[in-house]
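Trainee: Sharing a sequence plus its predicted fold:
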Amino acid sequence: MIEIKDLHKSYKMGSNSLHVLKGINFSVAEGELVSIMGSSGSGKSTLLNILGMLDEADGGSYTLDGVPIKNLNEKIAARYRNKFLGFIFQSFNLISYKNALDNVALPLYYQGIKRGERIDKAMSYLEKVGLADWAGHLPNELSGGQKQRVAIARALASDPKVLLADEPTGALDSKTSYEVMNLIQEINDEGRTILVVTHEPDIAAMTKRIVNLKDGRIIQDTPVNQVRALQNV
Amino acid sequence: MFDLERWEEIFETIRKNKLRTFLTGLSVASGIFILVVLLGIGEGMRNGIAQEFERDAANIMYVYTGVTSKEYKGLNPGRRIQMKNEDFNYTAVKYQDDLEYRSSIYRIWNGIVNFGKESGSYRVEGVYPDYQFLENSGMVEGRFVNFKDHQNFEKVVVVGDKVRNDLFKDKKDPIGEYVQISGVNFKVIGVFTDPGGEREESRVFMPLSTAQRVFGGGNNIANMAFTLEPAENFEAALAASTRFSEAIENQLKETHTIAPDDESAISINNSLENAKRFFDLMDMIKFFFWGVGICTIIAGIVGVSNIMLIIVKERTREIGIRKALGAEPLSIVGMVLHESIFVTAIAGFIGLIASLLLLEFVGPLIETQYISNPSVNFNVALTTVFILVLAGAIAGFFPAWRAARIRPIVALRDE
């Protein structure tokens, strides 16, 4: 599903150049649930942003579902993001003036789906994350866990190939974190490929494979025995 | 533009961001409002000044004489030039096909008019029947002096409305009463009114022949007044009257032996030339108002662009989210522009309607001397709204375009 070879990325900080990714080789098969771990500054978020086409690599190749991702203009990147990827952010990134339902429906709007169909589809995803009753509520009327579940429903709405979660539990308490991870595991059980960036070992243990990053290089890449989140709830 | 989905998206954004929308709208609406009211006042001033000119016939030419200032053909400067009946008759006959109305005027000085115990000092003049039209006077009662009065040296007078009110306080009907002017009895045959108001209505007219005979004027006349037959347009009328007044001036200078370049002996007050000067002034004022109005609109546009910049800044994170979800740059530009155009258009029309209502209902209440019936050409107002909307769109485009170009990762990091 995901193939990256010798990926490099550096940021210019004034006159200095900060080399964040120093040759990442890494692949993810369909249906995997991978966590990318590392201390802050290890380059894990940068890697995820490049995978999410929110940022561009300086060197190396990236293939997503057989499509080489390079020299994208904004328009094509936007189309690919919409078609291939679903994002889950630490800070939820819901649009504050839209209610839960409309937030979930937004990726469908950019797919050009008509309003009626959009609402039906969005509603079914909200049901899936257990928030059908909260469809008409604005984000600031929802708890952190609920917001993240709305965000997950939104990420799923466009039926993407890969879900990218950047510290999805970073802003949540442990009980809510496990609920969210349980949801992510259930979605993975249905066969969807998911990448989770986290620095919490207990969250990483709930995935099927841990990739450890340090100073821009992969130092460890091991499959793990998945801990079901439901046991901890 | 006619994408229903987009409209729904815009309406939702507007509904959820009322303050932002209100502020954008306010700057646009007030800009249009001020412009239209200014244009209305400009038009009102134009109307007001046009009304001032209705006091006399708009194209009246008034000939009066003074003292020579130049030595000519052995004659000393300082001679007082006195026009005679012959001067008037010559002109009236020579130009009879061109002239619409004509009259010479003999002025009676110290015109004390008595009726019973009441008396007052008024301008008393002997005139021809045409003078009614030259003065733009209307009859309230009775009639003006006519040609027969003139031929028969009738001792009759026509008094202004103010004279009637002053002298005939109790008697409402002065027709047939006798007033004394310098001790001579005159029969009142009419009361006139004048658009020039009280000043013009405190006058008394009698037949020219009577005035000259009773008050010892011989065949002297003080002034001559003419109007020309109406021309097709203002320019033609102005040209004709200028030609005519030059001809009279030359003719009078010749008969009275005045140096051709003597400026002070013969004066001709051509109200068309005055009118032209005033209308030129009005055009200047109009340009000024347009200038102020356009500056106001520019200020409005700057305001809109400013607000657009703030809006885009405020929405940077939202734009990042939208881009992460698959919004193309063009759709971001479209979204921001669509909203701004929609808001400026609606606000522009609100400002337009508010100002038109103000002009419509408050305008007629303003009745100062120089402003009357302020109004504005609806098409002009509409055009300005469209210009504002267009300019607002152009002004909004650049921030929108910049917003669309921000990399999503940067936009998402924006707090």
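Mentor: Looks like it arrived, so ask away. Just so you know, these numbers come straight off a predicted model, no measurement behind them.

Trainee: So which residue is smack in the middle of chain A?
Mentor: Centre of chain A computed as the mean C-alpha position; nearest residue by Cα atoms, centre = their mean is residue A:164, 1.7 Å away.

Trainee: Verify the stated contact: residue B:272 with residue B:239.
Mentor: No - contact status for residue B:272 versus residue B:239: not in contact, 9.5 Å apart, counting by Cβ atoms under 8 Å. All C-beta atoms are positioned from the backbone trio N, CA, C, and that covers glycine.

Trainee: Who has more neighbours out of these two?
Mentor: Neighbour comparison, residue B:272 and residue B:239: the larger count goes to residue B:272, with 23 against 13 (by other Cβ atoms under 10 Å in any protein chain shown).

Trainee: do you know how far the more buried one is from residue B:347?
Mentor: The spacing between residue B:272 and residue B:347, counted by Cβ to Cβ, to the nearest Å, is 45 Å.

Trainee: And for residue B:379?
Mentor: Residue B:379 sits 20 Å away from residue B:347 when distances are taken as Cβ to Cβ.

Trainee: Compare those two (neighbour count), which wins?
Mentor: The residue with more neighbours, out of residue B:379 and residue B:347, is residue B:347; 28 against 8, by other Cβ under 10 Å.

Trainee: Pull the contacting residues for residue 191.
Mentor: Went with chain A since none was named. If a contact means Cβ atoms under 8 Å, 6 or more residues apart in numbering or on different chains, then residue A:191 has A:30, A:31 as its contacts.

Trainee: try again with chain B
Mentor: Listed by Cβ under 8 Å, 6+ apart, the contact set of residue B:191 reads B:139, B:140, B:141, B:142, B:158, B:159, B:160, B:161, B:164, B:174, B:175.

Trainee: what does chain A have sitting close to chain B?
Mentor: When proximity is defined by Cβ under 8 Å from any Cβ of the partner chain, chain A lies next to chain B at A:49, A:52, A:54-55, A:74-75, A:78-79, A:81-83, A:87, A:89, A:93-98, A:102, A:106-107, A:109-112, A:114-115, A:154, A:158.

Trainee: and those, which are buried?
Mentor: Buried residues within these, defined by neighbour count using 16 or more other Cβ atoms under 10 Å in any protein chain shown: A:49, A:52, A:54-55, A:74, A:78, A:81-83, A:87, A:89, A:93-95, A:97-98, A:102, A:106-107, A:109-111, A:154, A:158.

Trainee: Please narrow those residues to those residing in helices.
Mentor: Judged by DSSP state H, the subset of these located in helices is A:49, A:74, A:78, A:81, A:82, A:83, A:102, A:106, A:107, A:109, A:110, A:154.

Trainee: ok, now how distant is the fifth one from residue B:6?
Mentor: Read it as residue A:82. Separation of residue A:82 from residue B:6 (Cβ to Cβ) stands at 17 Å.

Trainee: And the fourth one, by the same measure?
Mentor: According to Cβ to Cβ, residue A:81 stands 20 Å off from residue B:6.

Trainee: try the second one
Mentor: Here the criterion is Cβ to Cβ. By it, residue A:74 lies 19 Å from residue B:6.

Trainee: Which secondary structure state does the nearest residue to residue B:322 once chain neighbours are set aside sit in?
Mentor: Taking Cβ to Cβ, 6 or more residues apart in numbering or on different chains, and ignoring the residues beside it in sequence, residue B:322 has residue B:332 as its nearest neighbour in space, at 6.6 Å. For residue B:332, the reduced secondary structure class is helix; criterion used: DSSP: H, G, I helix; E, B strand; the rest coil.

Trainee: Residue B:332 reaches residue B:325, doesn't it?
Mentor: No - using Cβ under 8 Å, residue B:332 and residue B:325 do not qualify as a contacting pair, with a distance of 11.5 Å.

Trainee: just to revisit the earlier point, buried ones only from the contacts of residue B:191, please, as a ChimeraX command.
Mentor: With 16+ other Cβ under 10 Å as the criterion, this ChimeraX line picks the buried residues out of those:
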select /B:141,142,158,159,160,161,164,174
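
Trainee: Dump the contacts of residue B:191 to a markdown table, plus pLDDT, secondary structure and distance to residue B:301.
Mentor: Supplementary listing: the contacts of residue B:191 in a markdown table, determined by pLDDT from 0 to 100; DSSP: H, G, I helix; E, B strand; the rest coil; distance: Cβ to Cβ, whole Å:
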| residue | pLDDT | secondary structure | distance to residue B:301 |
| --- | --- | --- | --- |
| B:139 | 91 | strand | 56 |
| B:140 | 89 | strand | 55 |
| B:141 | 89 | strand | 60 |
| B:142 | 91 | strand | 63 |
| B:158 | 94 | strand | 60 |
| B:159 | 92 | strand | 60 |
| B:160 | 91 | strand | 55 |
| B:161 | 89 | helix | 54 |
| B:164 | 89 | helix | 59 |
| B:174 | 88 | coil | 64 |
| B:175 | 90 | coil | 66 |
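
Trainee: What is the nearest of the contacts of residue B:191 to residue B:199?
Mentor: Taking Cβ to Cβ as the measure, residue B:199 lies nearest residue B:160 of those, at 9.4 Å.

Trainee: and the gap between the closest one and residue A:203?
Mentor: 103 Å.

Trainee: And for residue B:175?
Mentor: In this structure, residue B:175 and residue A:203 are 112 Å apart, going by Cβ to Cβ.

Trainee: That's all I had, so thanks and see you.
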